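Visitor: here is my input; please provide its structure:
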Amino acid sequence: MIKIEYFHNPVCPYCPAAKSLLTKVIEGLSDVEVVDVDTYTEEGIKRGMALSLMAVPAVAINGVVKLTGWPFEAEDLLAYIDEARVKQR
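Guide: Numbers count the residues shown, from 1 in each chain. As a prediction, this is how the structure comes out:
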């Protein structure tokens, strides 16, 4: 299973668009799990700090930050998902 952590916060103007893109990209992918991480919560702050995350929206795949800030493209997400699949073999 590929774990995607989607980092966001409620005041970020770009986070809704990033979430929408992520949702579309993973639609139908049975080997992907998405965890929403709200960086305005204590738990979200701790997780973001553990990954040295400094901006949202951000995407970590299997515990490694791959995309930070907006914009990013569907192709970027798919490439990192494919990379994670190869590493799991």
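Visitor: contacts, neighbours, all on C-alpha from now
Guide: Noted.
Visitor: give me the helix or strand of this protein that scores worst on average pLDDT.
Guide: Least confident element among the helices and strands of the chain, by mean pLDDT, DSSP states H and E: helix 74-88 (a mean of 95).
Visitor: distance from the chain centre to that one, please.
Guide: Relative to its parent chain, helix 74-88 has a centroid offset of 12 Å by Cα atoms, centre = their mean, to the nearest Å.
Visitor: in that helix, what's buried?
Guide: 77, 80, 81, 84 (16 or more other Cα atoms under 10 Å).
Visitor: can you put those residues in CSV and add distance to residue 24?
Guide: Listed next are those as CSV, based on distance: Cα to Cα, whole Å:
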residue, distance to residue 24
77, 11
80, 15
81, 14
84, 18
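Visitor: picking up where we left off before, convert the C-alpha atoms of the least confident helix or strand of the chain to PDB, please.
Guide: The C-alpha trace of helix 74-88 is given here as PDB (Å, rounded to 0.1, in the frame of the first residue of the first chain):
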ATOM      1  CA  ALA A  74      -1.300  15.300 -12.100                       C
ATOM      2  CA  GLU A  75       1.700  14.000 -14.000                       C
ATOM      3  CA  ASP A  76       3.900  14.900 -11.000                       C
ATOM      4  CA  LEU A  77       1.700  13.000  -8.600                       C
ATOM      5  CA  LEU A  78       1.500  10.000 -10.900                       C
ATOM      6  CA  ALA A  79       5.200   9.900 -11.400                       C
ATOM      7  CA  TYR A  80       5.900   9.800  -7.700                       C
ATOM      8  CA  ILE A  81       3.200   7.100  -7.100                       C
ATOM      9  CA  ASP A  82       4.800   5.000  -9.800                       C
ATOM     10  CA  GLU A  83       8.200   5.600  -8.200                       C
ATOM     11  CA  ALA A  84       6.800   4.300  -4.900                       C
ATOM     12  CA  ARG A  85       5.400   1.200  -6.600                       C
ATOM     13  CA  VAL A  86       8.800   0.400  -8.000                       C
ATOM     14  CA  LYS A  87      10.400   0.800  -4.600                       C
ATOM     15  CA  GLN A  88       7.900  -1.500  -3.000                       C
END
